[in-house]
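Undergrad: how would this look folded up:
(one chain, ligands or ions: 1)
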Amino acid sequence: MKRRKYPMKGWHKRYFLLEKGILKYSKTQQDIQRGKLHGSLDVSLAVMSINKKSKRIDLDSGDYLYHLKTKSNDLFYIWLTKLCAHRVFKKNEALGVHHGVLHALTMGNSTLLPAMASLAQRNQAAMPGMMEVSPTAAPGVNGKVAAWLQQTHQSDTCSQELARSQADLTELAQLIQRLNWLESGQKPISNSDLERRINLQNLTLNIPKAKKERKTTNKIFGHSRTHSGVETCGMVSSHVLYSGCIVGASSVPSIPDYVYSQLSNPLITSPEAKKIQQEICAVSHKVHASLKSIHEVLALERERVRQAWTGPDLRSSTSNQLATLCSTLSELEVQSCQTKVHSLSLSSGSTGGSKESYSTVRQDQTPSKGCSVQRTPSLADSMAEYYDARDVIVCENSENGEEESDESGLSDITTTSNSEPDEVHASATLNYRTSVSRAPDMVSTVPTNTGRRTVLPANCVDNSHIGIMTILYNNIGKDLSRVSMPCGLNEPLSLLQRVSEELEYSELLDIANRTEDPFERMLYIGVFSISGYAWATWRNRYKPFNPVLGETYESHRKERGFRYVAEQVSHHPPCSAVHAESENFTFWQDQQWKNKFWGKSLEIISSGPVNVKLPKYGDHYEWNKAVTCVHNVLSQQRWLEHYGEVTIRNTKSDLCTCKISFVKSRYWTSETSKNEVQGQVLNQAGEVVHQFGGLWHEGIFCDTLPNPKCIWKPNPQPDDHFQYYGFGRYARELNELTPELKKVLPPSDTRYRPDQRILEEGDVAGADSKKEEVEQKQRDRRKELAKKGEAHVPRFFRKELDAAGNESWLSNGTYWKIRDQPGFANTKNLDLWC
Ligand SMILES: CC(C)CCC[C@@H](C)[C@H]1CC[C@H]2[C@@H]3CC=C4C[C@@H](O)CC[C@]4(C)[C@H]3CC[C@]12C
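TA: Here you go, the predicted structure:
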């Protein structure tokens with residue numbers, strides 16, 4: 001509804017330039033010319049989703065999400081046509097490049113190095129900054145590599161297999177092309193056709209005269225629903241690629257038809273098509289077999305490398321080289337920040353970047369924080385990108401109004417205020433950051449000798465081989481919580497336990513309850529709401545278990561003085577109700593979330609407010625959550641980001657409010673200044689009383705207090721966190737089942753969930769089969785209830801409607817009473833596990 005009332009809410013006009021498959025945008029044309037870009041992406045690498053009805057084009061490059069909106073249908077089709085044509089152009093070009101690499105690889109050992117070197121030279125020419133790196137490293141390294149290659153026995157087999165699969169792949173491409181033409185009745189796109197589409201002018205469409213004259217530029221509206229994303233309106237300059245050749249309206253009779261025919265997947269119907277399909281299968285098998293044998297050889301090689309690496313001499317010499325590389329990289333990063341020009345070497349989204357980076361240092365091997373090397377895609381990654389992403393996702397006009405409601409939901413979290421935060425913001429954050437780093441480490445009043453375990457029973461198992469792409473693409477449009485995933489992707493915690501992690505810094509609420517000044521109290525609440533996001537730097541490889549209906553979890557943290565209860569109160573849609581209490585606060589929320597998969601990134605949008613009551617002053621604070629985005633969800637370059645505006649209100653008094661912006665990383669943001677957050681405590685007149693900020697993974701500083709100070713810093717992350725799912729100390733304690741707990745827990749407690757326990761012990765396969773059983777049992781229970789015509793009734797929470805008609809789940813206050821008297825051993829409990 002909101003959208004209809006304020007159709008342009010959150011959208012900004014922007015200037016766009018689409019040139020050789022690269023889409024750049026800025027506030028003005030001058031900015032683009034000056035190189036002051038707000039964003040730039042390779043359209044062939046991004047996943048494009050379109051929505052005819054709302055005339056929207058969404059581009060997901062993995063690291064950034066861009067949302068574009070055109071003013072008219074005509075412009076929408078023109079944009080679409082051009083974008084599609086540029087994608088084809090760019091892909092053809094890129095395949096040419098990779099073809100070259102493959103070719104070089106298949107020539108055998110002797111030509112391998114020169115081929116790589118010539119590629120490197122080409123790169124150097126394009127990127128003068130890189131020149132300094134190679135010459136120093138090259139001679140020694142080349143010698144070593146050559147020696148290594150001489151010892152490699154099976155490299156011949158490898159190159160033969162590569163040559164074979166290359167030939168097969170060419171055949172495959174031809175078969176697929178034939179299938180496309182056959183089924184769509186389309187002719188292949190010729191080069192000149194492509195040229196024409198790229199050069200398509202607005203004037204060629206039948207736009208009513210009056211309108212046409214008014215619009216001298218082609219306008220497109222972009223928008224930042226996710227608020228710093230993109231925005232808007234600009235002119236497409238297409239003349240750069242080819243000149244001349246303006247197409248008359250008659251030669252492009254039905255752009256929409258053409259575009260849609262290109263987007264939709266052909267249905268396989270005719271016998272001829274079926275035959276081609278069979279051939280495709282056969283050739284695919286051949287490619288698979290070749291790749292498999294290559295894989296075997298490489299696995300052997302890898303083992304050799306590993307053994308060599310663990311040997312002492314190589315290690316010391318290479319780590320020096322690595323250190324030099326790292327420092328050169330960080331110098332480059334600094335340079336790129338200073339000039340505000342996005343350096344190709346660090347860009348992770350563009351082909352340019354991936355062509356240049358032959359990084360073999362993978363994220364899982366270098367868990368050091370903030371090192372830009374981590375995000376540099378390897379050649380394999382960049383190649384994979386072409387095959388990873390489905391080209392275009394067409395969101396047809398949904399008749400059930402889902403899209404509408406979805407959009408209005410999102411527009412709620414959209415504000416224009418920091419949609420493209422300027423440099424002033426960035427420098428403020430920089431100051432906060434420096435202050436935080438100068439501040440001494442926090443002295444926590446929470447005792448650390450809790451007597452709980454400090455490690456998990458087993459290390460986590462690498463899951464990088466699991467094809468998330470297939471899982472997600474097969475479940476497009478579904479909630480992540482409804483998609484059954486293999487246990488290899490799970491961490492041994494459930495969402496009920498995960499939400500309890502938001503209380504890791506409950507100390508901030510204790511302080512708030514002891515603070516007399518209402519503005520300062522609000523400040524502490526604000527910082528508490530930020531502290532609940534600090535885990536995200538470490539936790540991007542695994543997902544929590546989805547709780548089953550009726551599952552419960554308690555967490556009695558005596559050292560922190562609170563006790564927490566959570567229950568899964570609804571399965572469809574999934575909803576976890578949580579409630580925590582201490583002498584200093586009551587905290588509750590019902591956790592429901594929607595996710596939106598854009599092709600490469602996954603946005604997680606929580607609904608339902610978080611509530612905190614402070615008994616001493618009778619305050620009741622309420623706030624919304626930021627959006628969490630899992631960037632590059634399909635690849636190992638996955639990373640998490642929170643963005644959005646959070647508003648905290650005290651429902652008992654309107655003396656002050658708090659506004660917090662989780663700033664979306666900007667196109668020019670350096671790796672070290674990601675995760676910005678800034679907040680203000682405002683009085684009734686809207687004047688700023690307190691100002692605070694920093695990075696959500698490093699700490700928050702407030703400079704408006706009489707004694708400016710660092711209010712919060714996350715607990716230090718243990719060195720061995722990489723082996724334990726990225727868990728910090730607090731998270732490691734959550735699933736521990738002590739003998740004392742065994743006596744008092746209800747059987748529905750997550751700690752008794754067998755599949756999760758088996759996973760915690762390191763048996764992934766065992767966990768998988770157990771999970772299957774647990775899920776089946778849940779389905780059986782649901783069927784049984786349905787048969788009896790009964791509905792599941794949550795045990796410890798009840799549903800309430802507030803004055804505005806919003807539902808919320810509140811504790812019914814029975815959990816701790818029953819636990820105490822008569823004790824769960826003496827009550828009837830749900831039988832959830834097997
Ligand atoms: C495919 C898998 C392996 C990739 C990893 C996905 C991870 C990072 C995703 C899956 C489920 C996600 C969680 C789902 C729900 C919430 C509640 C919300 O209020 C805060 C974010 C939080 C806690 C999400 C954090 C990110 C998360 C843990």
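Undergrad: what's near enough to touch residue 647?
TA: By Cβ atoms under 8 Å, 6 or more residues apart in numbering, residue 647 lies in contact with 623, 624, 657, 658, 659, 660. C-betas here are computed from N, CA, C, even on glycine.
Undergrad: State the next helix or strand along the chain beyond the helix or strand encompassing the fifth one.
TA: So the one you mean is residue 659. Residue 659 belongs to strand 656-662 when assigned by DSSP states H and E. For strand 656-662, the following helix or strand on the C-terminal side (DSSP H and E) is strand 676-683.
Undergrad: Show residues contacting that following strand.
TA: 421, 425-426, 428-429, 432, 519, 522-523, 526-527, 530, 655-663, 665, 688-696, 700.
Undergrad: Can you go through these and name the buried ones?
TA: Buried members of those, counted by 16 or more other Cβ atoms under 10 Å: 421, 425-426, 428-429, 432, 519, 522-523, 526-527, 530, 656-663, 665, 689-696, 700.
Undergrad: Show only the entries of the residues you listed found in strands.
TA: Within these, residues falling in strands by DSSP state E are 656-662, 689-695, 700.
Undergrad: and the protein, which residues reach the ligand?
TA: 468, 480, 489, 498, 540, 542-544, 591, 593, 604, 606, 625, 628, 630, 633, 640 (Cβ under 6 Å from any ligand atom).
Undergrad: any idea how far residue 88 is from residue 190?
TA: Counting by Cβ to Cβ, to the nearest Å, the gap from residue 190 to residue 88 is 11 Å.
Undergrad: Kindly apply the preceding question to residue 438 instead.
TA: Going from residue 438 to residue 88 by Cβ to Cβ gives 53 Å.
Undergrad: Which members of the ones in strands among the buried ones among the contacts of strand 676-683 are the farthest-apart pair?
TA: 656 and 695 (24.5 Å; Cβ to Cβ).
Undergrad: Quick one: low-confidence residue ranges for the stretch 551-700 of the chain.
TA: Nowhere does the stretch 551-700 of the chain drop to pLDDT under 70.
Undergrad: Strands of that one, start to end?
TA: Along the stretch 551-700 of the chain, the stretches classed as strands by DSSP state E, counting those that start in this stretch are 552-557, 562-570, 575-582, 586-597, 602-607, 610-614, 619-623, 627-631, 639-650, 656-662, 676-683, 688-695, 699-702.
Undergrad: Out of those strands, indicate the one that is most buried.
TA: Of the strands of the stretch 551-700 of the chain, the one with the most neighbours on average (mean count of other Cβ atoms under 10 Å) is strand 699-702, at a mean of 26.
Undergrad: ok, now which ones touch residue 527?
TA: Each residue near residue 527 by Cβ under 8 Å, 6+ apart is listed here: 508, 679, 692, 700, 702, 711, 712.
Undergrad: Isn't residue 457 up against residue 758?
TA: No. Residue 457 is beyond contact range of residue 758, at 10.6 Å (criterion: Cβ atoms under 8 Å).
Undergrad: Look at the closest residue to the ligand within the stretch 51-200 of the chain and tell me its secondary structure.
TA: Nearest to the ligand, among the residues of the stretch 51-200 of the chain, is residue 62, at 13.5 Å (Cβ to the nearest ligand atom). With DSSP: H, G, I helix; E, B strand; the rest coil as the basis, residue 62 sits in coil.
Undergrad: Could you count how many residues lie near it?
TA: 27 (other Cβ atoms under 10 Å).
Undergrad: repeat for the one 3 residues further on
TA: Applying other Cβ under 10 Å, we find 28 other residues in the vicinity of residue 65.
Undergrad: right, and it touches residue 58 too?
TA: Yes. Residue 65 is within contact range of residue 58, at 7.0 Å (criterion: Cβ under 8 Å).
Undergrad: Mutual contacts of the two, please.
TA: Common neighbours of residue 65 and residue 58 (Cβ under 8 Å, 6+ apart) are residue 598.
Undergrad: Residue 190 and residue 88: who's more crowded?
TA: Taking other Cβ under 10 Å, residue 190 and residue 88 do not tie; residue 88 has more neighbours (19 against 9).
Undergrad: Report pLDDT for the more buried one.
TA: You'll see residue 88 listed with a pLDDT of 82.
Undergrad: and it, that one's in a helix?
TA: Yes. Assigned with three-state DSSP, residue 88 falls within a helix.
Undergrad: OK, contacts around the residue of the stretch 651-800 of the chain found nearest the ligand?
TA: Residue of the stretch 651-800 of the chain nearest the ligand, by Cβ to the nearest ligand atom: residue 726 (9.8 Å). Counting by Cβ under 8 Å, 6+ apart, residue 726 touches 535, 538, 539, 540, 541, 542.
Undergrad: Could you do residue 57 as well?
TA: 48, 49, 50, 67, 68, 69, 70, 76, 79, 80, 83.
Undergrad: redo that, cut-off 7 Å
TA: 48, 50, 68, 79, 80, 83 (Cβ atoms under 7 Å, 6 or more residues apart in numbering).
Undergrad: What would the host helix or strand of it look like as PDB? C-alpha coordinates only.
TA: In this assignment (DSSP H and E), residue 57 forms part of strand 56-60. The C-alpha atoms that make up strand 56-60 are tabulated as PDB, following Å, rounded to 0.1, in the frame of the first residue of the first chain:
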ATOM      1  CA  ARG A  56      12.500  -3.400 -12.000                       C
ATOM      2  CA  ILE A  57      15.800  -4.900 -12.900                       C
ATOM      3  CA  ASP A  58      17.900  -6.200 -10.000                       C
ATOM      4  CA  LEU A  59      21.500  -7.100 -10.500                       C
ATOM      5  CA  ASP A  60      23.400  -9.200  -8.000                       C
END
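Undergrad: any chance of the contacts of residue 57 in JSON lines, plus secondary structure?
TA: Output for these, formatted as JSON lines (three-state DSSP):
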{"residue": "48", "secondary structure": "strand"}
{"residue": "50", "secondary structure": "strand"}
{"residue": "68", "secondary structure": "strand"}
{"residue": "79", "secondary structure": "helix"}
{"residue": "80", "secondary structure": "helix"}
{"residue": "83", "secondary structure": "helix"}
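Undergrad: Take those residues and write them to JSON lines, including distance to residue 174 and neighbour count.
TA: Formatted as JSON lines, the contacts of residue 57 follow (distance: Cβ to Cβ, whole Å; neighbours: other Cβ atoms under 10 Å):
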{"residue": "48", "distance to residue 174": "25", "neighbour count": "25"}
{"residue": "50", "distance to residue 174": "28", "neighbour count": "24"}
{"residue": "68", "distance to residue 174": "34", "neighbour count": "29"}
{"residue": "79", "distance to residue 174": "31", "neighbour count": "24"}
{"residue": "80", "distance to residue 174": "27", "neighbour count": "24"}
{"residue": "83", "distance to residue 174": "25", "neighbour count": "26"}
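Undergrad: mind listing the strands for the stretch 1-150 of the chain?
TA: Under DSSP E, counting those that start in this stretch, the stretch 1-150 of the chain gives strands at 11-13, 15-19, 22-26, 39-42, 47-51, 56-60, 65-70.
Undergrad: how about TSV for those strands, with mean pLDDT and distance to residue 165 added?
TA: Formatted as TSV, the strands of the stretch 1-150 of the chain follow (pLDDT from 0 to 100; distance: least, Cβ to Cβ, whole Å):
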stretch	mean pLDDT	distance to residue 165
strand 11-13	84	46
strand 15-19	89	34
strand 22-26	90	30
strand 39-42	89	25
strand 47-51	88	26
strand 56-60	91	29
strand 65-70	89	34
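Undergrad: Return the most buried member of these.
TA: strand 65-70 (a mean of 26).
Undergrad: partner strands of that one, parallel or antiparallel?
TA: Sheet pairing of strand 65-70 (DSSP bridges) gives strand 56-60 (antiparallel), strand 220-223 (antiparallel).
Undergrad: For the shortest one, what does the pLDDT average out to?
TA: It refers to strand 220-223. Rounded mean pLDDT across strand 220-223 is 44.
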